[in-house]
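Trainee: sequence unknown, structure follows:
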Ligand SMILES: O=C(O)CCC(=O)C(=O)O
Ligand SMILES: [Fe+2]
């Protein structure tokens, strides 16, 4: 089966006007047709990518006791380590280990918290056995933010909007989230590494190692996203589906476990708008608007314009243990 996933070279964005227009048109088509594409020539070296995957290997090679010192269950901000099967996607446990970081900020005091999602803000948990991991991953997160911001502006242009049409939603800095991930081999054919889902933010950049496993749903069929050295796999998240009134689609994707004896490492970077933003519905020109049929309506996964609430929805669903420990009272309150 031929892969439907296009390959885009970001270099074109910085060449002459006609290359730039070509890139924007190709980007718009990829984002609307598949919602997934490979991005090459993005300015981040292969050596740096390899270093991040090496850091993932070093982190997951720590002992269970060391990893548990930074387990997510200690963090109301959903930071740190998750063991195999502790995350749920589509209601089923994922066979993957993860290490999650976001912006390194102090937590808000209780009196400053008026919305549940404000508890997402806070510090990361860092393993003291790997002293260089903090500066490496925070700088990686900054670099991927730069790439994502350029893509977001180009996507706005592809929708025939000003490049800064969504700038207000990120004027205090976008909400960023980076994961290191390890998928262990499984004797079960197509075991759930991560179940089918959409990403909640604007854009996601995935760095894969040489082992396949990521799959994307396109025209009711699942396609493998084969590894492509040096490229990021980019996908459209729910906030862009909302902003474009469904013209762009947040595409379902999943990861199947590698077979026994193979371990797959990846890293995902998610960029949303700032948590206190509400994502506007852009006014598309009529020739695009006629294809914008509204965002997907799935009662099991409502798409929320309020960014903090949309991000929170995803975090609580994925990590019910963290949610039960730190958010149980809010849940009771919202139903009272
Ligand atoms: O590991 C991957 O290739 C993708 C992971 C993913 O889709 C996610 O964590 O949202
Ligand atoms: Fe994802």
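Mentor: Ah, there it is. What you are looking at is a predicted structure, and each value in this text was computed from that prediction instead of being measured. Ligands and ions are numbered 1, 2, ... in the order given.
Trainee: Which helix runs longest in the protein?
Mentor: When the chain is scanned for its longest helix (criterion: DSSP state H), the result is helix 133-158.
Trainee: Which neighbouring elements make contact with that one?
Mentor: Secondary-structure packing of helix 133-158 (3 or more CB pairs under 8 Å, 6 or more residues apart in numbering; DSSP states H and E): helix 17-33, helix 46-60, strand 97-102, strand 175-183, strand 203-208, strand 264-272. All C-beta atoms are positioned from the backbone trio N, CA, C, and that covers glycine.
Trainee: Recalculate using a threshold of 7 Å.
Mentor: With contacts defined as 3 or more CB pairs under 7 Å, 6 or more residues apart in numbering; DSSP states H and E, helix 133-158 has these neighbours: helix 17-33, helix 46-60, strand 175-183, strand 203-208, strand 264-272.
Trainee: Nearest to residue 66, out of the ones you listed?
Mentor: Closest to residue 66 of the helices and strands packed on helix 133-158 is helix 46-60 (CB to CB; 9.3 Å).
Trainee: interface residues of the stretch 201-336 of the chain facing ligand 1?
Mentor: 206, 208, 214, 253, 255, 266, 268 (CB under 6 Å from any ligand atom).
Trainee: Can you report phi and psi for the third one?
Mentor: The phi and psi torsions at residue 214 (degrees, to the nearest 10) take the values phi -70, psi 140.
Trainee: ok, back up a step: can I get the helices and strands packed on helix 133-158 in a markdown table with mean neighbour count?
Mentor: As requested, these are arranged in a markdown table below (neighbours: other CB atoms under 10 Å):
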| stretch | mean neighbour count |
| --- | --- |
| helix 17-33 | 17 |
| helix 46-60 | 16 |
| strand 175-183 | 23 |
| strand 203-208 | 24 |
| strand 264-272 | 24 |
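Trainee: need the residues of the stretch 1-150 of the chain near ligand 1, please.
Mentor: Counting by CB under 6 Å from any ligand atom, none of the residues of the stretch 1-150 of the chain come close to ligand 1.
Trainee: quick revisit: and the average pLDDT for the longest helix of the chain is what?
Mentor: pLDDT averaged over helix 133-158 equals 98, rounded to a whole number.
Trainee: Thank you kindly, that will do.
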